[in-house]
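Enquirer: Below: sequence and its predicted model.
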Amino acid sequence: MKLILTQEVTGLGGAGDVVEVKDGYGRNYLVPRGFAIKWTRGGEKTIESIQKARSSRAVRDADHAAEVKAKLEGSTFNVKVRAGEGGRLFGAVTAADIAHAITEAGSEVDKRTIVVLNPIKTLGAHTVTVKVHDEVEATVNLNVVSA
């Protein structure tokens with residue numbers, strides 16, 4: 001089955017790529033979850049629009065990635081979460097929470113580029129990695145505070 005990816009799928013491709021997958025995988029997983037749409041001959045316009053949107057969001061080159069890395073590593077971001085007594089969180093800090101905190105501070109980061117190695121479940125200072133570009137990773141300092 002030929003599909004056009006609408007989002008990045010690990011191990012398969014990025015948004016706007018045309019991929020060939022097994023029928024069941026496409027029909028039961030990719031299409032219902034909105035990760036892909038069925039390929040048609042008239043889908044070239046769709047592919048172009050998806051790739052244009054993808055390129056506008058993406059970091060342009062390694063030099064621009066270095067600038068973004070310097071901006072991210074040069075500051076500490078406050079992540080506000082609900083916490084109980086003793087500084088224990090209700091749940092864990094997610095990549096979406098981190099992306100929201102960084103975006104509020106003035107830097108645009110996609111939640112899919114944030115790598116959290118160990119779940120963050122306590123208040124205080126933590127570090128996470130942000131994949132700015134294929135070759136550039138930034139170490140971001142977070143301060144998890146009670147809301």
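Expert: Cool, got the structure.

Enquirer: just the CA coordinates of the longest helix belonging to the chain, formatted as CSV?
Expert: Counting by DSSP state H, the longest helix found in the chain is helix 44-57. Extracted C-alpha coordinates of helix 44-57, given in CSV (Å, rounded to 0.1, in the frame of the first residue of the first chain):
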residue,chain,number,x,y,z
GLU,A,44,1.4,15.7,-5.6
LYS,A,45,-0.1,19.0,-4.4
THR,A,46,-0.6,17.6,-1.0
ILE,A,47,3.0,16.3,-0.9
GLU,A,48,4.3,19.8,-1.9
SER,A,49,2.2,21.6,0.8
ILE,A,50,3.3,19.1,3.5
GLN,A,51,7.0,19.4,2.5
LYS,A,52,6.8,23.2,2.4
ALA,A,53,5.3,23.4,5.9
ARG,A,54,8.0,20.9,7.1
SER,A,55,10.8,22.9,5.6
SER,A,56,9.5,26.2,7.2
ARG,A,57,9.4,24.6,10.6
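
Enquirer: Summarise which helices and strands whichever helix or strand comes after it is packed against.
Expert: Once the chain leaves helix 44-57, the next helix or strand it forms, by DSSP states H and E, is helix 62-73. In terms of contacts (3 or more Cβ pairs under 8 Å, 6 or more residues apart in numbering; DSSP states H and E), helix 62-73 is packed against strand 137-146. C-beta: built from backbone N, CA, C; applies to glycine.

Enquirer: can we see that at 10 Å?
Expert: Applying 3 or more Cβ pairs under 10 Å, 6 or more residues apart in numbering; DSSP states H and E, we find helix 62-73 packed against strand 124-131, strand 137-146.
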